[in-house]
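Engineer: here is the input, now give the coordinates:
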Amino acid sequence: MPKSTDELQNSANRIEKQLTSPTVTLILTVATLGAFIYLGYLLQPAYRGDPLPYTLALVSEFFIITQGLLSFWTILSGRINPRNYEYHSAQAKLYDAPIGKSAIHVLKKQDTEVSSTVPMYVHHNPISVDVFIPVYGEPIDEIRQTAKAAKNIYGLHKTHILDDGSSDEVEAMAKKIGVNYIRRPVHDNAKAGNINYALANTSGDFFLILDADFVADPTILYETIPFFENDKLAFVQTPQFYDNQNNFVSTAANFMQNVFYSLIQSGKNRFNAAFCVGTNVVFRRSAVMSIGGMHTESKSEDIWTSLRLHERGFDSIYIPNVLSVGKTPETLMAYSKQQLRWATGSFEIFLRSNPLFMRKLTVDQRLQYFATTSYYFVGFSVLLLLLLPPLQIYFNLSPIATTIPIWQWGLMYSGFYVSQLVLAFYTMGGFKFKTLMLSNVSFPIYIKAFFNALTRRDQAWHATNTVSYDSPFNYVRIQVYVFIFLFLTTIVGTLKAIYTNQLSISLIWNALNTFVFGYFVIMAYGEARYLKKQRKQAKKTTKLKEIPIQEGATS
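Structural biologist: Alright, predicted model coming up:
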């Protein structure tokens, strides 16, 4: 059931409050100690197993631990409020006259035809704002809802639909609801090119970007523009929150995003490393134009543009306020394409312009961008860890010494990993198994993204949740093959355990992986059946529409 903006904001507020709790510090301290103890355990010669699996385990675990420690550092640094005295003073002077402490509630009840024309001021000077809605084939009802909400944002602004789909229907809709329509003659450089063309044909001091499926709260400018009293500020980013937790994919993907926006992105404020995520973001036009516009050499124009702005010495701010609500992927096709695009963009930066070697960034910024752009190497770590049990079952090759008791290994292992689950339960109100599962089975997407970036293979841009009846198995073939392999390996391992009368941790580990991938395959099968049924219903409806009504027929 869709959640309201207030419900999502209350959830975000609860998480933000939890992050300031001393309990979080304790959990993260335990997790950090656990990480070092586990790493020390792996490095001890007495615990080493056979060279091949030991090396695979050490490489994968070292990467995961490094990412975990960088995340802990970021989360602990995120317990600051970016709203200082300068911000509150600017917010009080944003309009012609103060609007009182209950400003948010007042704004939401205003007559939208009047409230959207109220002048705004920064440094006592009137400002102009453009709202850009880049579209590319999304459902027209979705675009209409976003455009109407954008038009009704409180504060003087102009709303523009940037149509890269060249749709006459969208143009007619824009005219009907009273927003500007921009269609560029050449559709190059995807979303970044679309925005740059709009920048060349508009003149606002600031511009807000909203994806076609993100419905803005009327107070979004009220909450963001006051930050621009800081002349060095290039952009203010707000979170992506979703109200369509309808099925397996949307529920799991939504929770994954919540972890990032609630725990990680806030912490980046401390290091001036919060980056743009492509939507729900307000930019200072002059800052973007100083770097030649939005970055066009990648489909991930958002993080590239952020990086270039930070190189120029500009500041950024992230606020956790839910000021726009959108749609997370609802199908495996949409999820796979979205993750592939995001991961490819991160790998492009890592390979072509590695943040660790960018001298114009601060050391903190280098580490933060490195953590972000290297994150998707987790796909390789998952693959290596999946190979460990089969190596033991088929070839008797173990990553740890066989003389080590299982309970001792489990104790060392849990110090790092269990504490992360505790953190998720405490701050997020629980940890969904579907999210953990979806994260692990996504490893083929991330590996493919790496090779796309390495070979500079271009990926076509696709809108999230674009209507399509493509089978999910066209996007999860590798996961199906992995399940079959793991299932057969579990059978072999079980027979081996019966024959030797000895139960190994590799068999338990492999059986658990088999269950995870098996559950995922079942979910994919369920989605395939649903889409097939939906397709048949659509064909039936279309056929009925084509049947002419005979003369004299009665209803």
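Engineer: in stretch 134-150, which residues are buried?
Structural biologist: Buried residues in stretch 134-150, counted by 16 or more other C-beta atoms under 10 Å: 134-138, 142-144, 146-150. Where you see a C-beta, it was placed from the backbone N, CA and C, and this is true even at glycine.
Engineer: got it, and stretch 173-180?
Structural biologist: 173-174, 179-180.
Engineer: could you list the low-pLDDT ranges of this structure?
Structural biologist: Low-confidence segments of the chain, defined by pLDDT under 70: 1-21, 96-114, 424-431, 458-469, 539-555.
Engineer: show me the domain layout of it.
Structural biologist: As recorded under automatic domain parsing, the domains making up the chain are 25-78+376-542, 84-217.
Engineer: quick one, strands of this protein?
Structural biologist: Taking DSSP state E as the test, the strands found in the chain are 120-122, 125-127, 129-135, 158-163, 180-182, 206-209, 215-216, 233-237, 241-242, 281-284, 315-318, 324-326.
Engineer: coming back round to it: how about the domains of the chain in CSV, adding distance to Asn354?
Structural biologist: As requested, these are arranged in CSV below (distance: least, C-beta to C-beta, whole Å):
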stretch, distance to Asn354
domain 25-78+376-542, 12
domain 84-217, 21
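Engineer: quick one: closest of those to Ser306.
Structural biologist: domain 84-217 (12.5 Å; C-beta to C-beta).
Engineer: distance between the ends of that closest one?
Structural biologist: Distance between the two ends of domain 84-217: 23 Å, counting by C-alpha to C-alpha, to the nearest Å.
Engineer: same question, stretch 423-439
Structural biologist: End-to-end span of stretch 423-439 (C-alpha to C-alpha): 17 Å.
Engineer: what about the longest helix along the chain, distance to the chain center?
Structural biologist: Identified as the longest helix of the chain according to DSSP state H is helix 505-546. In terms of C-alpha atoms, centre = their mean, to the nearest Å, the centre of helix 505-546 is set 23 Å apart from its chain centre.
Engineer: one more: stretch 245-261?
Structural biologist: The answer for stretch 245-261 is 9 Å, by C-alpha atoms, centre = their mean.
Engineer: before we move on, what about stretch 152-166?
Structural biologist: The answer for stretch 152-166 is 24 Å, by C-alpha atoms, centre = their mean.
Engineer: okay but Ala287 is in contact with Asn230, surely?
Structural biologist: No. Ala287 is not in contact with Asn230 according to C-beta atoms under 8 Å; the separation is 11.3 Å.
Engineer: with neighbour numbers in mind, choose between those two.
Structural biologist: Ala287 (22 against 17; other C-beta atoms under 10 Å).
Engineer: tell me which residues touch that one, please.
Structural biologist: 233-235, 309, 312, 314 (C-beta atoms under 8 Å, 6 or more residues apart in numbering).
Engineer: repeat that with 10 Å
Structural biologist: 206, 228, 231-235, 305, 308-309, 312, 314-316 (C-beta atoms under 10 Å, 6 or more residues apart in numbering).
Engineer: and Ile143, by the same measure?
Structural biologist: Applying C-beta under 10 Å, 6+ apart to Ile143 gives the contacts 133, 135, 137, 161, 163, 165, 167, 169-170, 173-174, 177, 212-213.
Engineer: quick revisit: for Asn84, find the nearest of the strands of the chain.
Structural biologist: strand 315-318 (10.6 Å).
Engineer: pull the distance from that closest one to the chain's centre.
Structural biologist: Taking the mean of its C-alpha atoms, strand 315-318 sits 18 Å from the chain's own mean (C-alpha atoms, centre = their mean).
Engineer: strands paired with that strand, and their directions?
Structural biologist: Sheet pairing of strand 315-318 (DSSP bridges) gives strand 233-237 (parallel).
Engineer: just give the number of residues close to Ser166.
Structural biologist: 13.
Engineer: how deep is the nearest residue to it once chain neighbours are set aside tucked in, by neighbour count?
Structural biologist: Computed as C-beta to C-beta, 6 or more residues apart in numbering, the closest residue to Ser166 that is not its neighbour in sequence is Arg183, at 5.8 Å. Residues near Arg183, counting by other C-beta under 10 Å, number 18.
Engineer: quick one: residues contacting Arg183.
Structural biologist: Here Arg183 is in contact with 161-168, 170-171, 174, 194, 197 (criterion: C-beta under 10 Å, 6+ apart).
Engineer: ok, which pair from the residues you listed is furthest apart?
Structural biologist: Largest pairwise distance in the contacts of Arg183, by C-beta to C-beta, is 18.7 Å, between Asp168 and Tyr197.
Engineer: more neighbours, those two?
Structural biologist: More crowded of Asp168 and Tyr197, by other C-beta under 10 Å: Tyr197, with 21 against 9.
Engineer: what about that one, distance to Pro218?
Structural biologist: Tyr197 sits 27 Å away from Pro218, going by C-beta to C-beta, to the nearest Å.
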